[in-house]
Structures are given as C-alpha cells and as structure tokens.
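Enquirer: My questions concern the predicted model and sequence given below.
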Amino acid sequence: MKKDDGKRTQEEVLNSQGELCSNMNCVTLIMVTASFLSWTAAIFHHSKKGKEKPLQYLVEPPVYAEVTSRRGENVTLPCVLRIKPSHYRVKWTKVDPLHRGVENVVLITNGHADKHYGPLGPRARLRRAHALDISLLLSGLQLEDDGQYRCEVINGIEDESVDITLRIDGVVFPYQSSSGRYKLTYIEAKEACREQDGTLATYKQLYRAWTEGLDWCNAGWLKDGTVHYPILDPRPACGGDLPPGIRSYGPKDRTQEHYDAFCFTSTTEGVVFYVPGPLDFSEAVHACREKGANLARVGQLYSSWMFLGLDRCDGGWLQDGSVRFPIRTPREHCGGIPEPGVHSFGFPSKSLRLYGAYCYR
C-alpha cells in the first residue's frame with residue numbers, strides 16, 4: 001500500500017532508529033534496520049540486587065520467547081519451575097512502559113490461592129498441567145493484550161524471572177479524519193481507531209507492517225505518543241534523499257499537535273460481505289440492516305481482507321462515511337493500482353448514489 005502526499009515542511013525527519021538522517025551517513029544504519037525481522041522477546045534474569053545471574057528456580061524458555069495468537073483466541077504463556085521452593089510466590093506481570101503501578105500485575109499466587117488484578121485478571125489463570133507448571137492461560141484475547149509479560153518467582157529475598165512476548169497477529173492500517181489530513185490529536189486518534197474496531201498501533205506493529213509492504217507518506221500517531229510514517233519507495237514528497245525506513249517525528253504534544261493515525265486490528269467474530277448498489281449512504285445503512293447486519297467499520301474490512309481473503313473490485317460505503325474496496329489480487333481493470341490492499345475513495349458526499357455497501361454480520 002502506498003500513499004504519496006507526504007508532509008512537505010522542513011520538519012525534522014528521523015530514521016527508524018530515531019536518529020536524524022540528513023546525509024548518507026545514516027544509510028548503513030537504516031539498511032541494518034531494514035534487514036532484520038521482528039524481534040522476539042529478550043529473556044531477563046533478575047535478582048533483588050539487579051544483577052544478572054543463572055536461573056535457579058525457572059527453566060529458561062528454549063523456544064517460546066514469543067507466542068503468537070489472534071484476537072478472541074485463548075493462549076498459553078509458558079513458564080516452568082526447575083525446582084519448587086518450599087515457600088514461594090509466583091507473580092505474572094504485563095510489562096507496559098506506558099503505565100506503571102498495580103495495574104501492571106495480572107496474577108499473584110502462593111501455590112494455594114490466586115489473586116487477580118487489573119483488566120487482564122478476570123481472563124487469566126495458571127495452567128498447572130503438572131506440579132512445576134506455572135504457565136499463564138489468557139482467554140478471549142483482546143488487541144490491547146499484545147506485549148511483553150514477565151513470569152517471576154519470589155522466594156524470600158530472592159527473585160528471578162523470564163520474559164515472554166505475546167504478539168497479536170493482525171494488520172496495521174492508516175486512518176485519517178473525514179475532515180482531512182492531519183486533523184487528529186493523540187486522544188482523537190486513539191478514539192478514531194477504537195471506533196473503527198482497532199487500537200493505536202505500537203512501533204513494533206508498524207515496523208512489522210513496513211517489512212510486509214506498508215508504504216505510506218502521511219505521518220500518524222502511535223500508541224506511545226510518537227509520530228511516524230513508513231517508506232519503502234523513497235520519493236520527493238516523502239524524504240526522497242533518504243533510504244527506505246520508518247520516518248519519525250518523535251514524541252509530539254498530545255493535545256496541541258495534529259496528525260493522522262496508524263491503527264491496528266486483528267481477526268473478528270463476524271464477516272464482511274458486499275451489497276451491490278448504486279446506493280447513497282442512508283440507503284447503504286438500510287440495505288445492511290435488511291440483511292441483519294450493519295455497515296462495516298474500516299478495521300473490520302481490513303480484517304476480512306487480511307484474514308479471509310476478501311477481494312472485491314467495487315467501491316462500497318463503510319460506517320464512517322468513507323468508500324473503500326479490498327483487493328488481494330491486483331488486476332488491470334480494478335483501479336489500476338499495482339499493490340494489494342484496501343483502497344479508498346475518501347469521504348464522498350453521502351447523497352451520492354454511486355456505490356454499494358460493505359456490511360458486517
């Protein structure tokens with residue numbers, strides 16, 4: 001997917017490592033960045049004194065440093081004791097750099113009673129497949145569950161832990177306001193993604209999308225409050241003197257500055273289907289309701305395109321008033337666009353009777 005109307009000010013443009021790229025000295029760094037695949041989680045071994053030491057109680061995960069699943073599924077984050085201390089506690093925590101405090105704790109147990117915490121707590125329990133198994137089971141995965149988790153054993157004044165990354169398999173999609181380009185504050189971008197069945201993407205999710213072909217020349221908010229855009233094909237409007245990479249404007253004022261958004265979504269419970277037109281927007285709403293459905297949200301259309309192979313060469317109304325069509329196999333008489341993706345006609349007048357409808361049920 002490509003977008004060619006990038007920001008054309010003299011604003012600082014940073015490469016994907018967050019360093020200023022103003023000459024060819026950054027080529028090597030970006031080429032290195034472009035060459036690696038997504039990182040699996042680092043495995044940390046902690047002690048009270050903060051020094052790294054060999055694991056005594058826990059088995060280091062030989063394979064499962066990263067576990068991948070999809071929204072709505074159940075998943076196991078593996079953690080196994082090497083030996084069982086006589087008196088110990090197990091604490092599972094979601095390592096979230098954006099939030100700190102008790103809400104990070106998911107579950108604490110002393111082996112006899114479990115206590116659950118925060119929004120993840122009600123969906124979490126220990127697997128206990130055998131006497132040494134302290135793996136965490138999470139049910140009904142949500143988009144926000146993506147991230148790094150820590151399994152910690154506390155034995156008196158000693159503690160040690162291993163980290164596991166849970167990656168929600170999904171798709172990143174750029175989104176802008178119906179009012180035009182660069183109209184969203186951070187809070188508005190976060191809400192816009194939520195309304196379209198998504199959440200603001202993380203940098204790792206954007207990076208993975210870039211390695212999979214996302215090329216977009218409009219800058220957008222990410223979950224951590226930074227602003228970026230991914231470029232595979234450098235061109236004059238998009239930092240043309242720089243090699244491919246993720247351009248970064250760094251952290252921005254969340255209440256005063258305005259950009260687009262990069263949203264992230266995953267699988268859905270329902271399916272998207274097409275109702276032929278011509279229909280105006282209100283007729284499209286009615287046509288979906290007649291079939292026991294609603295107009296699809298943008299994230300639902302992207303999900304059906306990515307995971308269910310939805311391929312349709314017809315523009316259709318969506319819930320936000322935009323008109324889009326999903327293409328898996330580009331072809332000559334389908335917009336003349338060479339890349340697969342969900343392509344957009346923008347936000348035409350809702351009285352226009354030219355399009356069909358994409359419904360979700």
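Expert: Good, I have the coordinates. For clarity, every value in this text was computed on a predicted model and none was experimentally measured.

Enquirer: what's the burial count for A284?
Expert: In terms of burial, A284 registers 27 neighbours under the definition other C-beta atoms under 10 Å. To be clear about C-beta, it is placed using only N, CA and C from the backbone, and glycine gets the same treatment.

Enquirer: Identify all contacting residues around the strand or helix carrying it.
Expert: Using DSSP states H and E, the element containing A284 is helix 281-290. Identification of contacts with helix 281-290 by C-beta atoms under 8 Å, 6 or more residues apart in numbering yields 275, 277, 279, 294-295, 316-317, 321, 350-351, 353, 355-357, 359-360.

Enquirer: So W210: helix, strand or coil?
Expert: W210 carries the three-state label helix when classified by DSSP: H, G, I helix; E, B strand; the rest coil.

Enquirer: count of residues packed around it?
Expert: By the other C-beta under 10 Å criterion, the neighbourhood of W210 contains 23 residues.

Enquirer: Once you drop chain neighbours, what's closest to it?
Expert: With C-beta to C-beta, 6 or more residues apart in numbering as the measure, P230 is the residue that lies nearest to W210, at 3.8 Å, once sequence neighbours are left out.

Enquirer: what's across from that neighbour in the sheet?
Expert: With beta bridges defined as DSSP bridges, P230 has these partners: I246.

Enquirer: Could you point out the longest strand of the chain?
Expert: Of all the segments of type strand in the chain, defined by DSSP state E, the longest one is strand 158-168.

Enquirer: helices or strands next to it in the packing?
Expert: Of the remaining helices and strands, those touching strand 158-168 by 3 or more C-beta pairs under 8 Å, 6 or more residues apart in numbering; DSSP states H and E are strand 66-69, strand 75-77, strand 147-155.

Enquirer: what helix or strand does G336 sit in?
Expert: Here G336, judged by DSSP H and E, is contained in no helix and no strand.

Enquirer: quick one: it from T199, how far?
Expert: Plainly put, G336 is 33 Å away from T199 if you go by C-beta to C-beta, to the nearest Å.

Enquirer: Between those two, which is the more surrounded one?
Expert: Neighbour comparison, G336 and T199: the larger count goes to T199, with 22 against 8 (by other C-beta under 10 Å).

Enquirer: Looking at stretch 109-118 now, give me its mean pLDDT.
Expert: Mean pLDDT, taken over the full extent of stretch 109-118, equals 90.

Enquirer: Show me how far it is from its chain's centre.
Expert: A distance of 29 Å separates the C-alpha centroid of stretch 109-118 from that of its chain, computed with C-alpha atoms, centre = their mean, to the nearest Å.

Enquirer: So for the longest strand of the chain, what gets flagged as buried?
Expert: Using 16 or more other C-beta atoms under 10 Å as the test for burial, strand 158-168 gives 158-168.

Enquirer: Just the ones of the contacts of helix 281-290 in strands?
Expert: Counting by DSSP E, those place 275, 277, 279, 294-295, 316-317, 355-357, 359-360 in strands.

Enquirer: pLDDT below threshold where in the stretch 1-150 of the chain?
Expert: Under the criterion pLDDT under 70, the flagged ranges of the stretch 1-150 of the chain are 1-53, 61-64, 98-103.

Enquirer: Spell out, range by range, the strands that occur in it.
Expert: Listed in chain order, the strands of the stretch 1-150 of the chain (DSSP state E, counting those that start in this stretch) span residues 66-69, 75-77, 89-95, 105-109, 114-116, 124-126, 136-138, 147-155.

Enquirer: Now these in TSV, please, with extra columns for distance to A284 and mean neighbour count.
Expert: As requested, those are exported to TSV (distance: least, C-beta to C-beta, whole Å; neighbours: other C-beta atoms under 10 Å):
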stretch	distance to A284	mean neighbour count
strand 66-69	34	16
strand 75-77	37	19
strand 89-95	40	20
strand 105-109	42	20
strand 114-116	43	14
strand 124-126	41	18
strand 136-138	37	20
strand 147-155	37	20
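
Enquirer: Make a markdown table out of these and add distance to Y207.
Expert: Below are the strands of the stretch 1-150 of the chain laid out as a markdown table (distance: least, C-beta to C-beta, whole Å):
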| stretch | distance to Y207 |
| --- | --- |
| strand 66-69 | 14 |
| strand 75-77 | 22 |
| strand 89-95 | 18 |
| strand 105-109 | 26 |
| strand 114-116 | 32 |
| strand 124-126 | 28 |
| strand 136-138 | 24 |
| strand 147-155 | 15 |
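
Enquirer: out of those strands, nearest to G270?
Expert: When the strands of the stretch 1-150 of the chain are compared for distance to G270 using C-beta to C-beta, the nearest one is strand 66-69, at 19.0 Å.
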